[in-house]
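*Asks:* give me coordinates for this.
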Amino acid sequence: MLAIALASVVFAQVPAKDPRAAAAEKQAAFVAQVAATALNQDVALLQRLDTPFPKGVTFTDATAGEVVKAIRAAAKSPIEFDARAVGESGGWEATRLSCEPATVRHALDAVLRAISPEYEQYVIDVAAGVIVVTDEKGQRTLRTTAPYTLEPTFARMGARDGDAAAFERTRRELDEFFMMTRHGAWEANGGDIARIAWTGTVATIDATPAMHHDIRKRLAQLEESLPSATLEWSFAIAEIGQKADAASVDAALGARDALDKLVKDGGASVVAAPKLLAAANDAAEISIGSDADAISIKVEPTPARTGRVFVVRVKVTHGGAVTEFALRAIPGVRAAAIVDAGGRRLLIEGLGLTEAMQKFRK
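*Replies:* I've put the predicted structure just below:
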């Protein structure tokens, strides 16, 4: 009798998601998207306040009402004044003032100075798509929450993966950076208008639209000032021929143009010209050729008191001989050396360019 054993295969089943939980997640995502869109629109409105007035606009002995009418037209938005700023009795629109504003915001500042002796207590913000002039009490009702994903910023500020101390130091520096916007308004400084919470490299900030506007401007400025997140390294390995004269070789060691001329004149031949795109804070390596005849280049960041310095380690394998040496390199500055490797005389140069340098060269 032939016995046939049948093996039963049991497939693991993923538990079905609770429909109520799925619906709640979907609703939360929708609400977050709506809030983000509303905040972006409010920030865009605040940006209009910094646009220039039409050339030659001057207000001479004009009423506050006339100036505000021009402001509304330029900003393409209604403007509301908190009663605490203009008084309960009204009549502020008849106040006269003179100004020559460069921007819409300057004109609004001039109006506030004219109509309110408590000018410094009031701020310009946005509520539901409307420019408002209010005070701190009014700002507490305008808060909105937004996440700021800052992983690239952490990397450019020197916080590497696994370096807990550098991570905490960077987070403290960013806390201080954010709180430069209305310093006394933050909970950490005793205020009750804005607060910040961290989840890894994501900062969740609860603040008013005007504060978010300022934070975004500051972040943009910070991004421009930080070291590049990546470096593009260009290398050239040239074998120097026997016919090359000493003066030409010395010139090629000192400048790329002279190396190009040496190659053009037949005094050297380019063996390889690899390029390497690397994160500025991490080591990167590239290899060319086979095991018996190869060139490997490794770029490593190294601690320095000023600026960024890299060590370029080169390993040349040729004719059974292995030659290793290192160059010290600074972004934007050509580094070059001449070595004897396996019976060949090689000139090796390297140049690392930041993103800004790459754009400039283009």
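
*Asks:* which stretches of the stretch 51-200 of the chain form strands?
*Replies:* For the stretch 51-200 of the chain, strands defined by DSSP state E, counting those that start in this stretch occupy the ranges 59-63, 79-81, 96-99, 123-127, 130-134, 144-149, 195-199.

*Asks:* which among those is found nearest to S228?
*Replies:* Nearest of these to S228, taken as Cβ to Cβ: strand 144-149 at 18.9 Å. To be clear about C-beta, it is placed using only N, CA and C from the backbone, and glycine gets the same treatment.

*Asks:* show residues contacting that closest one.
*Replies:* 35-36, 38-39, 42, 201-209, 212, 215, 219 (Cβ atoms under 8 Å, 6 or more residues apart in numbering).

*Asks:* cool, stretch 283-290 as well?
*Replies:* Residues from elsewhere that reach stretch 283-290 (Cβ under 8 Å, 6+ apart): 233, 272, 274, 276-278, 294-301, 317.

*Asks:* farthest pair in these?
*Replies:* Checking the contacts of stretch 283-290 with Cβ to Cβ, the most distant pair is P301 and T317, at 25.3 Å.

*Asks:* kindly indicate which of the contacts of stretch 283-290 lies nearest A197.
*Replies:* The nearest member of the contacts of stretch 283-290 to A197, counting by Cβ to Cβ, is P301 at 31.4 Å.

*Asks:* how far away is that closest one from A146?
*Replies:* 33 Å (Cβ to Cβ, to the nearest Å).

*Asks:* ok, back up a step: go through the contacts of stretch 283-290 and name the one nearest A252.
*Replies:* Checking the contacts of stretch 283-290 one by one against A252 (Cβ to Cβ), the nearest turns out to be A272, at 16.2 Å.

*Asks:* so that closest one sits against F235, correct?
*Replies:* Yes - counting by Cβ atoms under 8 Å, A272 touches F235, with 7.5 Å between them.

*Asks:* so if I had to pick from these two, which one is more boxed in?
*Replies:* The residue with more neighbours, out of A272 and F235, is F235; 23 against 15, by other Cβ atoms under 10 Å.

*Asks:* which element is the more buried one on?
*Replies:* Using DSSP states H and E, F235 falls within strand 230-240.

*Asks:* ditto for T204
*Replies:* T204 belongs to strand 202-207, assigned by DSSP H and E.

*Asks:* could you check the angle strand 130-134 makes with the helix or strand just after that strand?
*Replies:* Downstream of strand 202-207, the first helix or strand assigned by DSSP H and E is helix 209-225. Comparing the axes of helix 209-225 and strand 130-134 via axes from the mean of the first three to the mean of the last three Cα atoms, to 10 degrees yields an angle of 100 degrees.

*Asks:* how far does helix 209-225 sit from the chain's center?
*Replies:* Relative to its chain's centre, helix 209-225 lies at 10 Å (Cα atoms, centre = their mean, to the nearest Å).

*Asks:* rounded mean pLDDT for it, please.
*Replies:* For helix 209-225, the mean per-residue pLDDT is 88.

*Asks:* cool, stretch 81-101 as well?
*Replies:* Rounded mean pLDDT across stretch 81-101 is 81.

*Asks:* ditto for stretch 302-321
*Replies:* Computed over stretch 302-321, the average pLDDT equals 81.

*Asks:* for the stretch 201-350 of the chain, which segments are assigned as helices?
*Replies:* Here the stretch 201-350 of the chain has its helices, by DSSP state H, counting those that start in this stretch, at 209-225, 246-254, 256-264.

*Asks:* and the most centrally placed residue in the chain, what does it touch?
*Replies:* Compute the mean C-alpha point of the chain, and by Cα atoms, centre = their mean the closest residue is E223, 3.3 Å away. For E223, the contact set (Cβ under 8 Å, 6+ apart) comprises T153.

*Asks:* tell me how many other residues crowd I196.
*Replies:* I196 has 19 nearby residues by other Cβ under 10 Å.
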